[in-house]
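Enquirer: no sequence for this one, just the structure:
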Ligand SMILES: [Zn+2]
């Protein structure tokens, strides 16, 4: 249900791509990524290459707390992060 409301999520941090001010990350050729947001992915590479799924969870939780998101939303996002494409391989 929540998934449908959110639309496409970044496959690295789980944030909804439509909430990305830049409309998504960029590929090497300058085109927009359809899978990753601008915070995670620039010029065909991950911005923070060494980060683990756990660290990404902490980062996202901190960010969402700062945005004043309710806990159930935060838990929802956090649980899903290890299942995203970047971390599931
Ligand atoms: Zn992202």
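Expert: On my side now, so go ahead. Every value quoted in this text rests on a predicted model; they were computed, and no experiment measured them.
Enquirer: so what's the closest residue to residue 48 other than its chain neighbours up against?
Expert: Leaving aside its chain neighbours, residue 48 sits nearest to residue 40 (7.6 Å; criterion: C-beta to C-beta, 6 or more residues apart in numbering). C-beta coordinates here come from the backbone N, C-alpha and C atoms, glycine included. Contacts here follow C-beta atoms under 8 Å, 6 or more residues apart in numbering; on that basis residue 40 touches 10, 12-13, 25, 46-48, 86.
Enquirer: list phi and psi for residue 40.
Expert: Reported as degrees, to the nearest 10, the phi and psi values for residue 40 are phi -100, psi -30.
Enquirer: measure it to residue 82 for me?
Expert: Per C-beta to C-beta, to the nearest Å, residue 40 is found 15 Å from residue 82.
Enquirer: confidence score at the closest residue to residue 27 other than its chain neighbours?
Expert: In this structure, residue 27 finds its nearest non-sequential neighbour in residue 44, 5.0 Å apart by C-beta to C-beta, 6+ apart. Among the per-residue scores, residue 44 holds a pLDDT of 98.
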